[in-house]
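J.: based on what follows, work out the 3D shape:
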Amino acid sequence: MSILPSDTPLYSHPLPQIEQWLKNQGCQQDENELHCWRLQKPSWQAELWLDIEQITVRYIQAGENGQDIQRSFKYSLSREDIEQAVFSGP
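T.: Sure thing, here's the model as predicted:
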């Protein structure tokens, strides 16, 4: 399966391509909640949800006093924009 073009909005791609892209980023899909993905990096971890209109990311215990940080990104953003926003960390 080909990589998603960097300048194309995510909503232009079928779900299997988006899922493969997430796997290529190191995300692991939840076996029970297929819209939920987890990502573990050396200095942070996150949960991602493929919602209807956006990707929601929760960085676990990444804020002040160990609070979670949650952000949402519309599917109208390009793959490159979402990669830079999500996978660079909290």
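
J.: from now on I want contacts and neighbour counts done on CA atoms only, so please keep to that.
T.: Noted.

J.: Gln70 and Ile55, how far apart?
T.: Per CA to CA, to the nearest Å, Gln70 is found 11 Å from Ile55.

J.: same drill for these two, tell me which one is more crowded.
T.: Shown here are Gln70 and Ile55; by other CA atoms under 10 Å, Ile55 has more neighbours (19 against 16).

J.: now the more buried one: which helix or strand?
T.: strand 54-59 (DSSP states H and E).

J.: partners of that strand, with directions?
T.: When pairing is defined by DSSP bridges, strand 54-59 lines up against strand 45-50 (antiparallel), strand 69-74 (antiparallel).

J.: list the residues that contact the residue most central in space within the chain.
T.: Geometric centre of the chain, nearest residue: Leu48, 5.0 Å, by CA atoms, centre = their mean. When contacts are counted by CA atoms under 8 Å, 6 or more residues apart in numbering, Leu48 touches 36-39, 55-58.

J.: let me know the closest of the residues you listed to Pro5.
T.: Closest approach to Pro5 among the contacts of Leu48 (CA to CA): Ile55, at 17.7 Å.

J.: show me the contacts for the closest one.
T.: Per CA under 8 Å, 6+ apart, neighbours of Ile55: 48-49, 72-75.

J.: between those, which is nearest Gly26?
T.: For the contacts of Ile55, the nearest to Gly26 is Leu48 (11.9 Å; CA to CA).

J.: if I look at the residue located most distally from the centre of the chain, how far off is Gln45?
T.: Distance from the C-alpha centroid of the chain, by CA atoms, centre = their mean, peaks at Asn65 (23.9 Å). Asn65 sits 16 Å away from Gln45, going by CA to CA.

J.: try Ile55
T.: Taken as CA to CA, the span from Ile55 to Gln45 is 16 Å.

J.: Glu33 now?
T.: 18 Å.

J.: show me which positions of the helix ranked longest in the chain end up buried.
T.: Criterion DSSP state H: the longest helix present in the chain is helix 15-24. For helix 15-24, burial by neighbour count (16 or more other CA atoms under 10 Å) applies to 18-22.
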